[in-house]
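Trainee: model this:
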Amino acid sequence: MKKIIFLLAGIIGLGAAFGQSNKVVTAFNLMKPEYMELDKAKQAIDEASVHPKTAGEAKTWYYRGQVYYKIYQSKKENFKNLDPNPLKQAYLSFSKAYDLDKSKRFEKELLFELTRTGADFFNKGSNEYEHKNFVQAVESFETVIAIGQLPYIHQLDTGAFFNAALAADEAGLNDKAIEYYNKSVELNYGGPAVFHYLALIYMQKGDSTAALKTYNAGIQKYPNKSGDLYIDLINYYLSKKDMSNAFTYVEKALSIDSLNASLWQVYGRALEDKDRDKALTAYKKMISVDSTNFNGYYNVGAVYYNMGVEANDKANAIPLSDETGYKAALAVADGYFKQALPYFESAYKLNQVDAELLAGLKQIYYRFKDNDKLNEVQKRIDALK
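Mentor: Predicted coordinates for the structure are as follows:
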């Protein structure tokens, strides 16, 4: 009896092994185009992947990866919702299959599947980033990195590090963003923008020393493409009212990028309080560099307008007994307002909703009794309320 029981137990055990092997085959068949029953295929392969008889077989995990990859690809809602992250399950399955495939039976297929899965994770991360799902995007790009770091893949995806940094930055994961930005610097990927974003994080953390070091490292690495980094530095020194350093960096920046309208704007801003004529020259340079630059026209008009306001205040301070002097002073103020007007009107053609511009135009049209244009501007102002 003992021998029979032992034999029966052996038969039962063998039958269980066959049963689990059949589930692997069943899963494979159910995901064929003529059936495409992915819910049943998933159930079968999941059972096989945890059963002691088939959990250690490369084929089980290879087919499991295929099932989950097809779930990821599916457009049908009832299949798409079978797993919260089927692409990740596909990656983990293919990776485990490769580790179990000692005979290299599926090596070629698994290398293809893992490479394709990495590309899909890159696209998935990009889509998540576009839809502002930044935490998920970080995970997707990190998976691209992980796949590339597998010893049998060994592909360094430089773009994945940079994108992971951007997503982590947007997600507020500062330490992780710093790590990936620094890796991008190491990989020479991302150009001056990497230094810009990295320095901004340091500034947010209150570490201006690290930020300034980062800006200067970017300028040193990209001496002919550092216009935006110079602007960052200039704005920093302007915020500290350190005009000496601000001017130094403006002049350095303009020496390599004289066609950068933003640089001319910063230069004009730095000059405006000490030398209006030079500021006007800088702002007019903005217009010559970019004839569609709203700020260029507005800034020139604003300088003339402010000079007109100051001249008008001086006129109003003249004693009533000095009518000749008063009229002369008013004429000076009018001259400045007339110089401001064409620049304001050019700015208005480019932007008809800027509140400060509309206020300035309103005052000039009122001063010169141009009622038609005054009414038009007033309607714009009313529409913004």
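Trainee: residue contacts, Ala317?
Mentor: Ala317 makes contact with no residue, according to C-beta atoms under 8 Å, 6 or more residues apart in numbering. (Each C-beta comes from the backbone N, C-alpha and C, glycine too.)
Trainee: for Ala90, see how far away it is.
Mentor: According to C-beta to C-beta, to the nearest Å, Ala317 stands 80 Å off from Ala90.
Trainee: now Pro192
Mentor: From Pro192 to Ala90 the distance is 37 Å (C-beta to C-beta).
Trainee: tell me which of these two has more neighbours.
Mentor: Ala90 (27 against 19; other C-beta atoms under 10 Å).
Trainee: ok, now which ones touch the more buried one?
Mentor: Ala90 is in contact with 65-66, 68-69, 72, 113, 117, counting by C-beta under 8 Å, 6+ apart.
Trainee: and those, which two are the farthest apart?
Mentor: Tyr72 and Glu113 (11.9 Å; C-beta to C-beta).
Trainee: quick one: the helices in the stretch 51-200 of the chain, in order.
Mentor: Ranges of helices within the stretch 51-200 of the chain are 58-73, 77-80, 86-100, 107-130, 134-149, 158-171, 174-186, 192-204, based on DSSP state H, counting those that start in this stretch.
Trainee: give me the buried positions along the second one.
Mentor: The neighbour-count criterion (16 or more other C-beta atoms under 10 Å) identifies Phe79 as the buried residues of helix 77-80.
Trainee: residues near Gly56, how many?
Mentor: Residues near Gly56, counting by other C-beta under 10 Å: 12.
Trainee: just Thr158 next, same as before
Mentor: 15.
Trainee: now do the contacts for it.
Mentor: Thr158 touches 184, 187, 189, counting by C-beta under 8 Å, 6+ apart.
Trainee: scan those and report the most crowded one.
Mentor: Ser184 (26 neighbours).
Trainee: against Ala359, how distant is that residue?
Mentor: As judged by C-beta to C-beta, Ser184 and Ala359 stand 45 Å apart.
Trainee: before we move on, what about Gln339?
Mentor: 18 Å.
Trainee: repeat for Asn295
Mentor: Asn295 is 17 Å from Ala359, by C-beta to C-beta.
Trainee: between those two, which is the more surrounded one?
Mentor: Neighbours of Asn295 and Ala359, each counted by other C-beta under 10 Å, are more numerous for Asn295; the result is 21 against 12.
Trainee: got the contact list for the nearest residue to the more buried one once chain neighbours are set aside?
Mentor: Excluding the flanking residues, the one nearest Asn295 by C-beta to C-beta, 6 or more residues apart in numbering is Gln265, at 5.7 Å. When contacts are counted by C-beta under 8 Å, 6+ apart, Gln265 touches 282-283, 286, 295-296, 299.
Trainee: mind picking the two most distant members of those?
Mentor: Greatest spatial distance among the contacts of Gln265 (C-beta to C-beta): Ala282 and Asn295, at 11.6 Å.
Trainee: nearest to Lys274 among the contacts of Thr158?
Mentor: Closest to Lys274, out of all of those and judged by C-beta to C-beta, is Ser184, at 39.5 Å.
Trainee: quick one: the residue nearest the centre of the chain from Glu376, how far?
Mentor: Centroid-nearest residue in the chain, with C-alpha atoms, centre = their mean: Leu166, separated by 5.6 Å. The gap separating Leu166 from Glu376 is 44 Å, by C-beta to C-beta.
Trainee: turn the contacts of Ala90 into TSV, including neighbour count, distance to Tyr222 and pLDDT.
Mentor: As requested, the contacts of Ala90 are exported to TSV (neighbours: other C-beta atoms under 10 Å; distance: C-beta to C-beta, whole Å; pLDDT from 0 to 100):
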residue	neighbour count	distance to Tyr222	pLDDT
Gly65	27	42	96
Gln66	21	45	96
Tyr68	29	43	96
Tyr69	22	41	96
Tyr72	21	39	94
Glu113	22	39	96
Thr117	26	34	97
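Trainee: closest to Leu384 out of those residues?
Mentor: Lowest distance from Leu384 to these (C-beta to C-beta) belongs to Tyr72, with 48.0 Å.
Trainee: what's the spacing between the closest one and Gln89?
Mentor: 8 Å.
Trainee: same question, His131
Mentor: On the measure of C-beta to C-beta, His131 and Gln89 end up 22 Å apart.
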